[in-house]
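Trainee: my questions concern the predicted model and sequence given below.
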Amino acid sequence: MSAASYLQDRGFTEAMIERVGWRVEALNGATRRYGLPASAKGAAAWVIPYGQAFERIRLIDPADLERHGGGKYRQPAGQGLALYDPFGWLARDEPLDGLLLIEGEANAVAVAQMAPHLPVIGLPGQASLSEAMAQQLADLPVCWVWIDRHDPNAERNLERIISRLQAATRGDVLPLAPTDGLDASDMLLRDGTERSATLLHALLDEARPAPWQAAPTGEATTTTDRYDGRVLDVAALLAAPDTPVPWRCDGLAADGFLTVLAGRGGEGKSWLTLALAAGVARGGAPPASRARRARRSCSTPRTARS
């Protein structure tokens with residue numbers, strides 16, 4: 001079976017298949033590597049590269065799955081699970097404004113085909129997010145989460161994902177819940193690239209930085225706006241009266257501010273500093289200044305040499 005007759009029939013373009021390096025081939029000498037019996041030799045497998053590290057496979061014939069047992073997806077024996085990042089989003093130098101964590105390699109690539117500029121990472125199973133994986137997403141201000149809600153353990157797995165992400169990051173963790181329950185690859189196959197992109201952006205827009213689980217009826221819910229206190233009303237600032245400057249030496253030094261005396265060597269910076277400090281200490285007025293007495297004064301006179 002060719003990649004074209006299997007993967008393109010699932011809605012993926014030839015260019016996208018080539019970009020991520022997917023292929024469909026018969027298993028030959030790799031059966032033992034993937035923990036399969038020798039009888040699996042010749043079975044058709046969808047091969048999914050994880051960069052240069054390793055390749056996962058999926059037996060694509062249901063009869064092969066029934067004959068040889070095990071889950072649909074397999075990685076080499078002894079190989080731990082990892083986040084699926086075929087587009088290198090986590091390796092980029094510039095910080096990301098947000099990222100979609102989605103269950104499954106096929107769904108991650110489906111999202112990339114719908115919205116090429118949306119950072120997306122595949123989770124190799126909704127129960128597979130480890131603390132180490134979550135730490136890879138620690139710097140994200142927003143992380144959307146999309147898993148298959150038809151899974152019987154979906155709610156428990158979603159709670160676990162959100163808990164681990166919230167422990168790793170200070171950003172918002174926002175679950176997506178399509179009303180029809182479709183995953184991204186099913187949406188792509190049903191609606192095509194353009195229509196699916198519209199539906200995807202609608203899901204992202206509907207998500208809000210609020211607790212992922214609704215509060216029981218009758219209890220008030222609280223949401224935290226991550227931009228609270230960071231938006232300035234310029235008109236209000238201009239209309240407000242000026243705040244008086246807390247001068248300690250009128251026109252020269254104010255409480256709570258750093259005062260810098262700059263000039264060439266020998267021009268009297270140190271003498272002026274001493275005069276101001278003496279005036280503050282005794283409450284007198286050094287030349288050309290009116291000083292108010294303070295409980296403490298601190299000066300570090302240094303004579304610069306040019």
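Mentor: Sure, I can see it.

Trainee: roughly how far does residue 256 sit from residue 240?
Mentor: 19 Å (C-beta to C-beta, to the nearest Å). No exception for glycine: its C-beta is placed from N, CA and C like everyone else's.

Trainee: per-residue confidence averaged over stretch 95-104?
Mentor: Mean pLDDT, taken over the full extent of stretch 95-104, equals 92.

Trainee: for it, buried residues please.
Mentor: With burial defined by 16 or more other C-beta atoms under 10 Å, the residues of stretch 95-104 counted as buried are 99, 100, 101, 102, 103, 104.

Trainee: could you list the residues in contact with that stretch?
Mentor: Contacting residues not belonging to stretch 95-104 are listed as 89, 108, 111, 118-126, 137, 139-148, 161, 165, 176, 183-185, 204 [C-beta atoms under 8 Å, 6 or more residues apart in numbering].

Trainee: of those, which belong to strands?
Mentor: With DSSP state E as the criterion, strands contain 120, 121, 122, 123, 142, 143, 144, 145, 146 from among those.

Trainee: for the most centrally placed residue in the chain, what are phi and psi?
Mentor: Compute the mean C-alpha point of the chain, and by C-alpha atoms, centre = their mean the closest residue is residue 140, 2.3 Å away. The main-chain torsion angles of residue 140 are listed as degrees, to the nearest 10 and equal phi -80, psi 130.

Trainee: who touches it in this structure?
Mentor: Listed by C-beta under 8 Å, 6+ apart, the contact partners of residue 140 are 96, 98, 99, 169, 171.

Trainee: neighbours around the nearest residue to residue 174 once chain neighbours are set aside, how many?
Mentor: Spatial nearest neighbour of residue 174, excluding adjacent residues (C-beta to C-beta, 6 or more residues apart in numbering): residue 207 at 4.0 Å. Other residues near residue 207 number 18, with proximity taken as other C-beta atoms under 10 Å.

Trainee: now do the contacts for residue 207.
Mentor: Residue 207 sits next to 144, 174, 175, 176 when contact means C-beta under 8 Å, 6+ apart.

Trainee: again, only this time at 7 Å
Mentor: With contact set as C-beta atoms under 7 Å, 6 or more residues apart in numbering, residue 207 has these partners: 144, 174, 176.

Trainee: do you know how far residue 40 is from residue 55?
Mentor: 16 Å.

Trainee: and for residue 144?
Mentor: Computed as C-beta to C-beta, the residue 144 to residue 55 distance reads 27 Å.

Trainee: the bottom helix or strand of this structure by mean pLDDT?
Mentor: helix 3-6 (a mean of 64; mean pLDDT, DSSP states H and E).

Trainee: C-terminal to it, what's the next element?
Mentor: Sequence order places helix 14-20 as the next helix or strand after helix 3-6, per DSSP states H and E.

Trainee: relative to the whole chain's centre, how far out is the longest helix along the chain?
Mentor: Ranked by residue count under DSSP state H, the longest helix found in the chain is helix 184-206. Computed by C-alpha atoms, centre = their mean, to the nearest Å, the chain-centroid distance of helix 184-206 equals 21 Å.

Trainee: for the chain, give me the ranges with low pLDDT.
Mentor: Counting by pLDDT under 70, the chain shows low-confidence ranges at 1-4, 70-71, 208-231, 284-306.

Trainee: swap in 80 and give it another go.
Mentor: With pLDDT under 80 as the threshold, the chain has low-confidence stretches at 1-5, 29, 65-66, 68-72, 179-181, 208-233, 235-237, 283-306.

Trainee: show me the domain layout of it.
Mentor: Taking automatic domain parsing as the reference, the chain has its domains at 3-74, 89-206, 239-306.

Trainee: dump the ones you listed into TSV; add distance to residue 232 as well.
Mentor: Output for the domains of the chain, formatted as TSV (distance: least, C-beta to C-beta, whole Å):
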stretch	distance to residue 232
domain 3-74	43
domain 89-206	20
domain 239-306	12
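
Trainee: ok, which of those domains comes nearest residue 81?
Mentor: Closest to residue 81 of the domains of the chain is domain 89-206 (C-beta to C-beta; 4.9 Å).

Trainee: tell me where the chain has helices.
Mentor: Using DSSP H, the helices of the chain run over 3-6, 14-20, 62-68, 105-114, 131-135, 154-168, 184-206, 234-239, 269-282.

Trainee: and for the fifth one, what are the contacting residues?
Mentor: Surrounding helix 131-135, the residues in contact under the criterion C-beta under 7 Å, 6+ apart are 83, 164, 165, 167, 168.

Trainee: count residues in the vicinity of the fourth one, would you?
Mentor: If I follow you right, that is residue 167. Counted with other C-beta under 10 Å, residue 167 comes out at 11.

Trainee: please name the nearest non-neighbouring residue to it.
Mentor: Nearest-residue entry for residue 167: residue 134, 7.0 Å, with adjacent residues in sequence omitted and distances by C-beta to C-beta, 6+ apart.
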